[in-house]
Structures are given as C-alpha cells and as structure tokens.
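Engineer: Take this sequence and fold it.
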Amino acid sequence: MNRLKRKTTREPTIALINIVFLMLVFFMVAGALAPPLDKDLTLLDTRDLAPTAPPDALVAHPDGRLTYRGAPVASAAAYLASGQAADGGDTGQTVRIVPDRNLPAGQLVALARDLRIAGAQRVLIVTEQGLP
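Structural biologist: Below you'll find the predicted structure:
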C-alpha cells in the first residue's frame, strides 16, 4: 500500500519575529527623540490666566464675527485693506488668526481662503499648546 505523504506546513514565525523587531526599533528611536523633562523642573501654572490673543492677531469668534484688538472687523478683505496685518518682511503680509475653539472648521478654512484671496501671503493659525 502506498501511504500518502502528509505535507507539513510551517508556521510563518519568521514574519512575526521581523514585525516584533521592527516595532522594537521604532519605539527605541521614538523614545530617543523626546527626552523626558528634568524631574526637578516645575512648570508654570497658567490655569488662572485670562486667555488673551496676541496683539497683532485677527480673532475669529464662534458665531463668525471678526475682531482686531477688540474692534469689530467687517471682513477679511476689510482687515487687509486697513493695513493692520503684520508685514512678514520678504514673505509679504502675514496674517495671524486666533480662532475660538467652537468656531466650525469650515468657517476657519473659508476665512483663511478669503484672506489669501484678499492678498495675504501667509495665514498662521494661533493655537494653545498643552503638555500631557
């Protein structure tokens, strides 16, 4: 009688080892890029500070209103026409926008587009930076 030979299949453990090795290398590199803060360092506590916009920034409120230094601004074109935008030197006019957290993203994108159409060379969005 002929016996049927069973073909043994090997599990792909080499592929699994390669993936684990690549993950190990990734986490070693990522850990080296962000060194921890010094343990003796005490960060400033800014919870009680009143949030204020930079003095040269256009503020976009949640309802779509625009203000500059507390004064209302009719539109992006009116803001640029007034000459209040910062001069970026070689880069041309630079406009800084401080959007409210509750301003819809579509309105922010439309505002940035309107500023570019009106002549702004750079549009910067000023945000809050937080540490974990």
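Engineer: Which strands or helices does the longest helix seen in the chain pack on?
Structural biologist: Across the chain, the longest stretch assigned as helix under DSSP state H is helix 13-33. Using 3 or more Cβ pairs under 8 Å, 6 or more residues apart in numbering; DSSP states H and E as the contact criterion, no helix or strand is in contact with helix 13-33. To be clear about C-beta, it is placed using only N, CA and C from the backbone, and glycine gets the same treatment.
Engineer: Format the CA atom coordinates belonging to the next helix or strand after that helix as PDB.
Structural biologist: Per DSSP states H and E, the first helix or strand lying C-terminal to helix 13-33 is strand 57-60. This file holds the C-alpha atoms of strand 57-60, laid out as PDB (Å, rounded to 0.1, in the frame of the first residue of the first chain):
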ATOM      1  CA  ALA A  57      -3.900  88.700  15.600                       C
ATOM      2  CA  LEU A  58      -7.300  88.700  14.000                       C
ATOM      3  CA  VAL A  59      -9.800  87.000  16.300                       C
ATOM      4  CA  ALA A  60     -12.500  84.700  14.900                       C
END
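Engineer: The next helix or strand after strand 57-60 pairs with which strands, parallel or anti?
Structural biologist: Proceeding N to C from strand 57-60, the next assigned helix or strand is strand 66-68, under DSSP H and E. Strand 66-68 pairs in its sheet with strand 57-60 (antiparallel), strand 71-73 (antiparallel), by DSSP bridges.
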